[in-house]
Every structure is written in structure tokens, then in C-alpha cells.
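A.B. asks: Sequence first, predicted coordinates after that:
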Amino acid sequence: MPCRRLTRFEKDGHEPERADIEGAGRPTWRTRNHHGRPSPQLLGRHQPSLHDGLLAGFHRRRRAGVYRLQCGVRGVLLERNQPIANVPGGAYIDYLYFSIETLSTAGYGDMHPQTHYGHLIATVELFTGIFSMSLMTGLIFARFSRPNARLLFADNPVISNHEGVPTLMVRLANERHNIISNASARLWLFRNGVSVEGQSFRRFYELPLLRNESPALALSWTLYHALDEESPLYGLSADDLAASRASLVVVVSGYDVIAAQAVHAQKSYNHPDIRFGHRYADILGTSEDGRLRIDYGRFHETLEG
């Protein structure tokens, strides 16, 4: 006869029989010993599993935890009378001053919590104050530590001859006493257009510049766009720009060597700002010690011709 593994009941000297208990709806184990008598420990009772035991223990601990929490909250609420020491009469203004001192983490020491309720409120206010101060410090630092390009743009673009060719010119200058290295500039034209189907839409063009990069922007820089046959502005007058609601956008970016960060600046012009037949006044000069200087008083000045 082949060998087989003995069951737990056979090891204990019981012989299992499977039977259905009336009304139970599921089978249980009824066992008998060697004398033919039913075992009183296992008669008609379902054997609990490990999962059932863990679940029952969890529910007992949960009920005990809820009870302790209710008792703690009830005890804290009963201590709401005079939660802060050295507050005569429990005036609201004194509690307000205590909250301000706690939120600011000052803590002069005259008023202090003396009950669990007072300690709970002080703990909440303390964490709120620390979080608020940290958040405000981060926002202020991020706002004011960001470097600004501080580029000064001329109030009006001008169109006049440059090297014998009609040219659109935009002047800008660095207002800081530092150098913006690897500066690059881009000039865009925006105007209304009409498609073949007759729908009106806004169209933009990038205007090529004679020089769109500067290795070191320390003083002033004038951007030049030649109005040749390849230019979108070729042959257009002031009335044509007004009819198409044209506008210009200048974008300048570079690397601030002092702040060690990239900086960006932009300036937009509408079509009435463009002056035809004008040129910029000369602003470069020499100081008494022979150094090159800029006359910012005439920076926005334009002359006819």
C-alpha cells in the first residue's frame, strides 16, 4: 500500500467526517476519536483561519484606537478654560497677540500654553508659521534674485538710408555697468493678411538683420534690416502699414557675466511708432579722461534726413 501523509486530525487520534450542519450553509468538520465519541472541541464548529484572526484583531485595535481618540479630544476640549497663562480675563486681543508671536516664532515668554488644548493650538500655529515663513522667503528670493536685462530700447524705430539702402533701424543700450556676452537679437513683423479663401488672419515674419549677434553688449547696439526686394516691408508706406495693422517685436537675449545667468528682454512697437525718413541722433561721445560714454539724454531723439 503506498504511503500517504497523515492529516492533523489523524495525528491527534481523530477520524474526520465531513457533514453539513442544518442552517449553517457551509460544511464543517465533525470528528470522532478511537472510542467513537464526538470530539467536544470541534463538534459543529468552523475552524477559524489565520486571515480571520488577523481581521478580528484589527477591528479590536481600531475600536480601541477610536475610543482613545474620543477620550483625548473630550479631555482637550474640557481644558479650554484658560489655555494660555498670564492672560487676565481671557481677553481676545491677548490671544491674538499670542498667536502672532507664535506664528512669527518670536515667543517672548510672558504668555505660554498651560493646558493640552493650549499646547495643541500652539503646535498648529507654530507649524503654520514655519511653513508660511519658508514659503514667503522662497517666493521673495525667487522674485528678486532673478536678474533683469535692463535694456533700454528707443521709443521709435526709424526708416532711412544706410549704406545707400533704405533700412529699418532699432536702437537699444545696456543700462547696467556690466557686459552681456553672446547677445543675440531677433526682429519680427506682425501684420494682418487675407488668405486665398478670403479669411483674415494674423501673419508674422522674421526680418533678417545685417548683424544679429554681439560678442559683448556693453554700450549701445543698433539693429539694421535692409528693405530690399526680399523684405516683407519692401515698397510699403506708412498707410500700408496702418491698413495691415503692422507691429514690430524685438527680442534680445544673452548671458549676464555678473549674475552668471541668461537674461532676456523684448520690446514691441505699433505701426504709428515707426518714423519714415528719420535717423537716430548721435549719442556716443568721449569723456575728459578719454573714455567712451553714452549721452542717454538724446537716446530717444530722432532727426529728419
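C.D. replies: Noted; the coordinates are in hand. Numbering: from 1, shown residues only.

A.B. asks: Kindly spell out which helices and strands sit in contact with the strand or helix carrying residue 188.
C.D. replies: Assigning secondary structure by DSSP states H and E places residue 188 in strand 180-194. Using 3 or more CB pairs under 8 Å, 6 or more residues apart in numbering; DSSP states H and E as the contact test, the elements touching strand 180-194 are strand 165-174, strand 200-207, strand 213-217, strand 220-226, strand 247-256. C-beta coordinates here come from the backbone N, C-alpha and C atoms, glycine included.

A.B. asks: repeat that with 6 Å
C.D. replies: Strand 180-194 sits against strand 200-207, strand 213-217, strand 247-256, with contacts defined as 3 or more CB pairs under 6 Å, 6 or more residues apart in numbering; DSSP states H and E.

A.B. asks: tell me the angle of the last one relative to strand 220-226?
C.D. replies: Between strand 247-256 and strand 220-226, the angle comes out at 140 degrees (axes from the mean of the first three to the mean of the last three CA atoms, to 10 degrees).

A.B. asks: Can you list the buried residues in the following helix or strand past strand 247-256?
C.D. replies: In the C-terminal direction, the helix or strand that comes right after strand 247-256 (DSSP H and E) is strand 261-270. The neighbour-count check on strand 261-270 (16 or more other CB atoms under 10 Å) flags 263, 265, 267, 269 as buried.

A.B. asks: ok so, going back, so how far is the strand holding residue 188 from its chain's centroid?
C.D. replies: 28 Å (CA atoms, centre = their mean, to the nearest Å).

A.B. asks: Check stretch 279-286 too.
C.D. replies: On CA atoms, centre = their mean, the centre of stretch 279-286 falls 44 Å from that of its chain.

A.B. asks: re earlier: what lies in contact with the strand holding residue 188?
C.D. replies: When contacts are defined by CB atoms under 6 Å, 6 or more residues apart in numbering, strand 180-194 is touched by residues 200, 203-207, 209, 212-214, 216-217, 223, 225, 232, 244-247, 249-257.
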